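> Whatever this is, show me its structure:
(2 chains)
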2 protein chains.
Amino acid sequence: MEIKLRSPLDMHLHFRDDDMMKLVAPLSGDTFAGGVIMPNLVPPVDNLPRLLQYRERIDSALGDRQFDPYMMLFFRQYSQAELELAQKHILGIKLYPAGATTNSEAGVSEIKAVEPTFKLMEEMGIPLMVHGETHGFVMDREREFLSIYEYLARKFPKLKITMEHITTADAVQLLDRYENLRATVTLQHLIITLDDVAGGMLNPHLFCKPIAKRPEDREALLQAALEAHPKLMFGSDSAPHPLSAKECCGCAAGVFTAPLAVARLAQLFDDNGKLDNLQAFISDNAVAQYGVTPPAKEVTVTKKAFKVPAAYEGFGQTVVPMHAGEELSWAVTDIS
Amino acid sequence: MEIKLRSPLDMHLHFRDDDMMKLVAPLSGDTFAGGVIMPNLVPPVDNLPRLLQYRERIDSALGDRQFDPYMMLFFRQYSQAELELAQKHILGIKLYPAGATTNSEAGVSEIKAVEPTFKLMEEMGIPLMVHGETHGFVMDREREFLSIYEYLARKFPKLKITMEHITTADAVQLLDRYENLRATVTLQHLIITLDDVAGGMLNPHLFCKPIAKRPEDREALLQAALEAHPKLMFGSDSAPHPLSAKECCGCAAGVFTAPLAVARLAQLFDDNGKLDNLQAFISDNAVAQYGVTPPAKEVTVTKKAFKVPAAYEGFGQTVVPMHAGEELSWAVTDIS
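Reported below is the predicted structural model:
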């Protein structure tokens, strides 16, 4: 059994920079036709020159792979002139509530203070992508943020807002309540709950932000993905951290899934009898939502054993992926 | 400012065995007058000869410290003859639902199948201590187990049942509902929530079972402790794991608090204006509940800086305590 996927897209992706990017960018470029490149570097990608230089380094790391990096600016107050110059180079602007996730300390702490920029984005048709977590108790952070999504969706009805990496049943429900809300969901949040992170042994390689939630949350996310909800897009949030930052005392947040995401998603959709819906989830929904035209790339995924490497190494970097050392039942077998 | 504590007791304690015990038993023996020694070794302490041998090794590790180890049998079906032989050597019997925590795979999987032993214990006046977690979702395991406590409390009204290391507001409420239920609570569950384990960086040194819960749970536990609820006893559940088992990929569950528990509790009760209630929480309640007569030991705790060591080392073992490298504002200053 096999499926041919047209131009898989990863609508939430961390390439990092320098040697780590040299290792991980090709791993996404191999099986995806494009991806949304998150701007939370240190310093953040929050001006056009920095963005264009980052884009050059990405293109260099990708080599001749057919992969469109959809570039993002890191949210701050931007002037109309800045946005006009940047617009043709970006897919959108990413908003991090201050301090909520890796390298996002520079994010805004007060939503309302920055509404002039939302207004400009709405008028100019620039999408807003949001890491939607408050600073509350870890299991409540996303749920508490939903009212901010609702506030923004109502106040800026023409602003396209993406709820990034949603993790709760409540966020899924919100998708149908506001025309201008859409969402990405990761691979791991379709598969794991907090039980997998901290229910047995503590597993730093499944620790991410937002943290995996309850079984009923995962179930709601999975059903929405399997049904190819038109406003739900795949975004891996694949986030490489050096091995040392994962296994030292005090582990950084992020799950690295880019190189296995296509195969694992095929397995997941097949296991649930919904393989026909994978094309929409992994590409068509994003094309429709963002109007992008990714390069033509056909990825054949076949029901056959694929052993996930224990680690991906190169350029002095070592990154441990999700399912490290485990055998998947689907494999990418051809790319054309 | 200082407080003189009479015979502090740690009513839930893991000494392990061999070199690790040689390191940690004296650390408890220094500041406590007695403690309940958990029987979850490999193999478990589930017969009298093994218990007596373990007791000999404990006494040897403690040296000349004034410390009564209250010995526990690991729950299985016991005959009346076995219990009659064991009774004078034990404080109670510890029940682990199968597989719920470290080394407890040998625990019972079906409560009802072992009721003859509960009946014997009830008739003979042998207390039952329980690790009360189901195999459900990690945040629900204790709450789901409460109905089993209620079942046991009603079915065996004369059986004294201790809910070990409670972590939820619901468990606190249960204390007042059944005359024969009582509980221990750890130091860390009075202080931390899941936020401290997984809200920022992942912190393996604060990972324990039951896992730390929500802010409202911690608040209920703290208030019950500060008010010296007569059925709530201090039990550190201090659980040393070798450093390698804490910081490798896949971290074992347990927080090591024994050497700093008395000082940290004094600080906690002082911070909340309840220092006068610490004597009951750390000793008198347990004396009343179990009728034990610990050795006379007066521990003076003084409001002065105390830097917790980064690690405790010895006998080839390295154990990282809670608050490693941090400065506490209370210190044990005299023991007589």
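
> who touches stretch A:257-265?
Outside stretch A:257-265, the residues that touch it by Cβ atoms under 8 Å, 6 or more residues apart in numbering or on different chains are A:5, A:8, A:10, A:13, A:24, A:27-28, A:30-32, A:186-188, A:191, A:234, A:236-238, A:278, A:281-282, A:299, A:301, A:306, A:308, A:312, A:321-323, A:328, A:330-332. In short, each C-beta sits where N, CA and C put it, glycine included.

> Same question for stretch A:276-287.
Here stretch A:276-287 makes contact (Cβ under 8 Å, 6+ apart) with A:3, A:5-9, A:11, A:33, A:225-234, A:262, A:265-266, A:269, A:292-294.

> circling back to that earlier point, narrow the contacts of stretch A:257-265 to those in helices?
Taking DSSP state H, the ones among those that sit in helices are A:24, A:27-28, A:30-31, A:188, A:191, A:278.

> Can you add distance to residue A:119, pLDDT and neighbour count and give the residues you listed back as JSON lines?
Listed next are the ones in helices among the contacts of stretch A:257-265 as JSON lines, based on distance: Cβ to Cβ, whole Å; pLDDT from 0 to 100; neighbours: other Cβ atoms under 10 Å in any protein chain shown:
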{"residue": "A:24", "distance to residue A:119": "36", "pLDDT": "95", "neighbour count": "26"}
{"residue": "A:27", "distance to residue A:119": "39", "pLDDT": "95", "neighbour count": "21"}
{"residue": "A:28", "distance to residue A:119": "34", "pLDDT": "96", "neighbour count": "27"}
{"residue": "A:30", "distance to residue A:119": "40", "pLDDT": "95", "neighbour count": "16"}
{"residue": "A:31", "distance to residue A:119": "39", "pLDDT": "95", "neighbour count": "22"}
{"residue": "A:188", "distance to residue A:119": "35", "pLDDT": "95", "neighbour count": "27"}
{"residue": "A:191", "distance to residue A:119": "39", "pLDDT": "95", "neighbour count": "20"}
{"residue": "A:278", "distance to residue A:119": "37", "pLDDT": "97", "neighbour count": "24"}
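
> Tell me the one among the residues you listed nearest to residue B:19.
Nearest to residue B:19 among these, counting by Cβ to Cβ, is residue A:188 at 38.7 Å.

> Residue A:40 sits in which helix or strand?
For residue A:40, there is no enclosing helix or strand under DSSP states H and E.

> Which pLDDT value goes with it?
At residue A:40, the model reports a pLDDT of 94.

> hang on, isn't it packed against residue A:13?
No. Using Cβ atoms under 8 Å as the test, residue A:40 is too far from residue A:13 to be in contact (11.6 Å).

> higher neighbour count, these two?
Neighbour count, other Cβ atoms under 10 Å in any protein chain shown: between residue A:40 and residue A:13, residue A:13 has more, with 27 against 23.

> OK, contacts around that one?
Counted by Cβ under 8 Å, 6+ apart, residue A:13 has contacts A:28, A:35-38, A:235-238, A:258.

> and it, bridged to which residues?
residue A:37, residue A:238 (DSSP bridges).

> any idea how far residue A:37 is from it?
Residue A:13 is 6 Å from residue A:37, where distance means Cβ to Cβ, to the nearest Å.

> Over to residue A:150?
28 Å.

> just residue A:233 next, same as before
15 Å.

> Residue A:118 too?
The separation that residue A:118 has from residue A:37, given Cβ to Cβ, amounts to 22 Å.

> Next: residue A:292.
Distance from residue A:292 to residue A:37, by Cβ to Cβ: 13 Å.

> higher neighbour count, those two?
Legend: neighbour count by other Cβ under 10 Å for residue A:292 and residue A:37, higher for residue A:37 (26 against 18).
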